[in-house]
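>>> Sequence plus the predicted model coming up.
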Amino acid sequence: ADKRYFKPLFNFGSWMTVSNLIGPLMLYGDRFLIGALLSVSAVTYYATPYEVLSKLQLVTAAIMGVMFPALTALVSSKSEKLLHTYSRMVKGLWSIMLPLSMFFFLFAPELLQLWLGDEFRSKSADVVRWLSLGWLINVLAQGPFIVLQSHGRPDLIAKSHLAELIPYALLLWMMVTHFGIIGAAFTWFVRV
């Protein structure tokens with residue numbers, strides 16, 4: 001093995017690990033806080049719509065899985081096609097995710113009523129709306145993240161996650177305390 005590659009690969013992997021540890025902490029920390037401050041049933045009214053909407057990311061993940069090697073090749077060849085390819089990727093993601101997110105945003109009460117009944121409709125409709133908007137914005141964030149990674153800069157992503165962690169946790173605690181699960185959904189929207 002060529003030892004000159006060890007340090008760059010170690011640095012890249014270390015920063016990816018930081019993001020992969022902090023990301024899930026922020027992703028699932030809201031549920032623990034809701035359970036601790038409110039109730040386990042409140043977690044259900046929050047986590048159910050969250051999990052359904054998170055499946056929208058499967059579309060993004062599939063596209064990003066294809067785009068990462070393509071963008072990496074364009075970065076390493078210093079191709080002028082990078083900006084064009086990135087722009088097309090973002091437009092494609094936007095054109096797929098905007099209608100899906102708006103469908104959930106606009107029809108949240110009706111979908112919840114049809115699927116889970118009155119109680120979910122009354123307790124989770126606003127959660128669905130905030131999370132729908134958040135997932136739409138999160139899709140737009142995937143583009144810059146994949147470009148940074150293809151440039152070999154996962155450290156910038158990890159540093160942004162580190163910078164978000166404490167303010168997010170404090171805002172989450174305050175919003176859940178005062179506004180319940182709707183406050184948690186709003187805080188997640190603000191973070192993304």
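Now that the structure is in, tell me what you want to look at.
>>> Now for the most centrally placed residue in the chain: which residues touch it?
The structure's the chain has its C-alpha centroid closest to residue 138; by Cα atoms, centre = their mean the separation is 4.7 Å. With contacts defined as Cβ atoms under 8 Å, 6 or more residues apart in numbering, the neighbours of residue 138 are 57, 192. Placement of C-beta: from N, CA and C, glycine included.
>>> repeat that with 7 Å
Contacts here follow Cβ atoms under 7 Å, 6 or more residues apart in numbering; on that basis residue 138 touches residue 192.
>>> Ok, residue 145 next?
Neighbours of residue 145 in contact, by Cβ under 7 Å, 6+ apart: residue 157.
>>> mind running it again at 10 Å?
19, 64, 68, 138, 154, 156-157, 160 (Cβ atoms under 10 Å, 6 or more residues apart in numbering).
>>> rewinding a little: so how far is residue 190 from the residue nearest to the centre of the chain?
12 Å (Cβ to Cβ, to the nearest Å).
>>> circling back: so what's the predicted local confidence for the residue nearest to the centre of the chain?
With respect to pLDDT, residue 138 scores 86.
>>> any idea which element it lies in?
Residue 138 belongs to helix 118-150 when assigned by DSSP states H and E.
>>> Tell me which helix or strand comes right after that helix.
Going C-terminal from helix 118-150, and assigning secondary structure by DSSP H and E, you next hit helix 154-191.
>>> counting contacts, what elements does that following helix pack onto?
Using 3 or more Cβ pairs under 10 Å, 6 or more residues apart in numbering; DSSP states H and E as the contact criterion, the secondary-structure elements in contact with helix 154-191 are helix 6-37, helix 40-54, helix 118-150.
>>> for residue 105, what are its contacts?
Residue 105 makes contacts with 128-133, 135-136, as judged by Cβ under 10 Å, 6+ apart.
>>> 8 Å instead, please
When the contact criterion is Cβ under 8 Å, 6+ apart, the partners of residue 105 are 128-129, 132-133.
>>> If we only consider these, which is nearest to residue 170?
When these are compared for distance to residue 170, the smallest value, 21.7 Å, is given by residue 133; criterion: Cβ to Cβ.
>>> In the worst-scoring helix or strand of the chain on mean pLDDT, which residues are buried?
For the chain, the helix or strand with the lowest mean confidence is helix 57-76, at a mean of 81 (criterion: mean pLDDT, DSSP states H and E). Buried positions in helix 57-76, judged by neighbour count with 16 or more other Cβ atoms under 10 Å: 60, 63-64, 67, 70-72, 74.
>>> could those be laid out in TSV, adding distance to residue 103?
Written out in TSV, the entries for the buried residues of helix 57-76 read as follows (distance: Cβ to Cβ, whole Å):
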residue	distance to residue 103
60	16
63	19
64	22
67	24
70	29
71	29
72	33
74	33
